[in-house]
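S.K.: Sequence and predicted model, in that order:
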Amino acid sequence: MSDASLNTASTAQPGEAGFGDFFALLKPRVMTLVVFTALVGLLAAPVAVHPVVGLAAILFIAVGGGAAGALNMWWESDIDAMMKRTRNRPIPTGKVSRDEAFAFGMTLAVMSVVMLWLATNLLAAAILAFTIFFYVVIYTIGLKRWTPQNIVIGGAAGAFPPMIGWAAATGSVSIEAVLMFALIFMWTPPHFWALALFMRGDYDSAGVPMLTVTHGRRATRVHILVYTVLLAALAIGAAFTGIGGPVYLATALVLNALFLRDALAIWRRDEAMAEADNYRIEKRAFRLSLWYLFAHFSAILAEAALRGLGLGAWG
């Protein structure tokens, strides 16, 4: 972190933060994924949901996800200040104090859980409450700085939104909701490990025990391939369940073939090869992974729409 940034952080006065600074605490890019996957879980459920109830459910799930992001930034402000990717967040720059971020996050967390309960049902609210607790306490505070499996563990928190959406619609959790959870859970490690391969300097300086730091690049490349193979089996197999169908199967076959291609290429490369082309393959895999989840959940949504029109999954 630069001297100027440190000076800003130390001299900023309370009350200087604007709306945009507090909005940034919610991790809006992450919230986009939360909202979309929760919406798919809600709409893929085999029951009709009143539009007002559905809108309220998605809003409160989004607020809960944002609350978890704010509390994550509150706890990690020290390492955020050390990492190039995060040093311009509101707390390291001094625009928002840690106390303000904590109060903001806790207020939103409680409000989101209570309002989701009132708008839908207790099960959906309970899963949302557990998700926030898991992400903030178990992952961020408890395990992230202590185990190289932090991304695997943290992936569970990011995988709950479609399950919450499904529970908000049905009042229950079924195998379809578990499959959507598993899809995100298995996608998370290869997605972030691909990023870590070409951003390792950030994690080194912050002392975060990413797999690249604790076990080395070779082990990380092996882990990416193993998780991608398991992910492909899960994603393609889901085509033959209640959330799948021919549209989903076609999407899964194409996306998983591409992801496996990149994972295999990453596994075959050593650091000299990666440095020679500035981690071209690793960056390509990371970009593909950004589209991977969106495409799969879009296909699940398309299958739900076809079923709604009376066009069964497999005709």
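M.R.: Cool, the structure landed. Numbering: from 1, shown residues only.
S.K.: can we go C-alpha only for contacts and neighbour counts from here?
M.R.: Will do.
S.K.: Give the rounded mean pLDDT of stretch 264-273.
M.R.: If you average the pLDDT over stretch 264-273, you get 95.
S.K.: Tell me the buried residues in that stretch?
M.R.: 264, 266-267 (16 or more other Cα atoms under 10 Å).
S.K.: go on, stretch 49-68?
M.R.: Buried-residue list, stretch 49-68, by 16+ other Cα under 10 Å: 49, 54, 56-68.
S.K.: any idea how far stretch 155-167 is from the chain center?
M.R.: Put simply, stretch 155-167 sits 10 Å off its chain's centre (Cα atoms, centre = their mean, to the nearest Å).
S.K.: Residue numbering should commence at 40 henceforth.
M.R.: Yep, numbering from 40; the last one is stretch 194-206 now.
S.K.: just for this protein, where's the confidence low?
M.R.: Counting by pLDDT under 70, the chain contains low-confidence residues at 40-54, 239-246, 351-354.
S.K.: can you list the domains in it?
M.R.: Domain segmentation of the chain under automatic domain parsing yields 59-212, 213-354.
S.K.: Point out the most buried one among those domains.
M.R.: domain 59-212 (a mean of 21; mean count of other Cα atoms under 10 Å).
S.K.: and the end-to-end length of that one?
M.R.: End-to-end distance for domain 59-212: 36 Å, by Cα to Cα, to the nearest Å.
S.K.: How far off centre is that domain?
M.R.: Put simply, domain 59-212 sits 9 Å off its chain's centre (Cα atoms, centre = their mean).
S.K.: Okay, now stretch 168-182: how far is its last residue from its first?
M.R.: Terminal residues of stretch 168-182 lie 19 Å apart, using Cα to Cα.
S.K.: Kindly apply the preceding question to stretch 154-166 instead.
M.R.: Stretch 154-166 end-to-end distance (Cα to Cα) = 13 Å.
S.K.: go on, stretch 173-187?
M.R.: This stretch, stretch 173-187, spans 17 Å end to end (Cα to Cα).
S.K.: Scan this structure for its longest helix.
M.R.: Counting residues, the longest helix found in the chain (DSSP state H) is helix 319-347.
S.K.: chain center to it, what's the gap?
M.R.: Its chain's C-alpha centre and that of helix 319-347 lie 14 Å apart, by Cα atoms, centre = their mean.
S.K.: which strands and helices sit next to it?
M.R.: helix 67-83, helix 214-237, helix 285-307, helix 310-315 (3 or more Cα pairs under 8 Å, 6 or more residues apart in numbering; DSSP states H and E).
S.K.: what packs against the first one?
M.R.: Identification of packing neighbours for helix 67-83 by 3+ Cα pairs under 8 Å, 6+ apart yields helix 90-114, helix 200-209, helix 319-347.
S.K.: which other residues reach it?
M.R.: Here helix 67-83 makes contact (Cα atoms under 8 Å, 6 or more residues apart in numbering) with 88, 93, 97-98, 100-101, 104-105, 197, 200-208, 216, 219, 282, 336-337, 339-340, 343.
S.K.: next one: stretch 212-224
M.R.: With Cα under 8 Å, 6+ apart as the test, stretch 212-224 has contacts from 80, 191, 194-195, 197-202, 205-206, 270, 273-274, 277, 280-282, 332.
S.K.: Ok, stretch 97-111 next?
M.R.: Residues contacting stretch 97-111 (Cα under 8 Å, 6+ apart): 64-67, 70, 73-74, 77-78, 140-141, 143-148, 151-152, 154-155, 167, 171, 174-175, 179, 200, 203-204.
S.K.: where do the helices sit along the stretch 140-289 of the chain?
M.R.: Secondary structure of the stretch 140-289 of the chain, counting by DSSP state H, counting those that start in this stretch: helices at 161-172, 189-198, 200-209, 214-237, 239-245, 250-253, 255-276, 285-307.
S.K.: Taking helix 255-276 as reference, get the angle to the fourth one.
M.R.: Put plainly, it is helix 214-237. On the basis of axes from the mean of the first three to the mean of the last three Cα atoms, to 10 degrees, helix 214-237 is oriented at 150 degrees to helix 255-276.
S.K.: Just the CA trace of helix 214-237, in PDB.
M.R.: C-alpha atoms of helix 214-237 as PDB (Å, rounded to 0.1, in the frame of the first residue of the first chain):
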ATOM      1  CA  ILE A 214     -32.300 -32.800  -4.500                       C
ATOM      2  CA  GLU A 215     -32.600 -30.200  -7.200                       C
ATOM      3  CA  ALA A 216     -31.700 -27.400  -4.800                       C
ATOM      4  CA  VAL A 217     -28.800 -29.500  -3.500                       C
ATOM      5  CA  LEU A 218     -27.500 -30.000  -7.100                       C
ATOM      6  CA  MET A 219     -27.600 -26.300  -7.700                       C
ATOM      7  CA  PHE A 220     -25.600 -25.800  -4.500                       C
ATOM      8  CA  ALA A 221     -23.100 -28.500  -5.500                       C
ATOM      9  CA  LEU A 222     -22.600 -26.900  -9.000                       C
ATOM     10  CA  ILE A 223     -21.500 -23.600  -7.400                       C
ATOM     11  CA  PHE A 224     -19.500 -25.400  -4.700                       C
ATOM     12  CA  MET A 225     -17.500 -27.400  -7.100                       C
ATOM     13  CA  TRP A 226     -17.000 -24.500  -9.500                       C
ATOM     14  CA  THR A 227     -15.500 -22.200  -6.900                       C
ATOM     15  CA  PRO A 228     -12.100 -23.800  -6.300                       C
ATOM     16  CA  PRO A 229     -10.900 -24.100 -10.000                       C
ATOM     17  CA  HIS A 230     -12.300 -20.600 -10.600                       C
ATOM     18  CA  PHE A 231     -10.300 -19.000  -7.800                       C
ATOM     19  CA  TRP A 232      -7.200 -21.200  -8.100                       C
ATOM     20  CA  ALA A 233      -6.900 -20.100 -11.800                       C
ATOM     21  CA  LEU A 234      -6.900 -16.500 -10.500                       C
ATOM     22  CA  ALA A 235      -4.400 -17.300  -7.800                       C
ATOM     23  CA  LEU A 236      -1.900 -18.700 -10.300                       C
ATOM     24  CA  PHE A 237      -1.400 -15.300 -11.900                       C
END
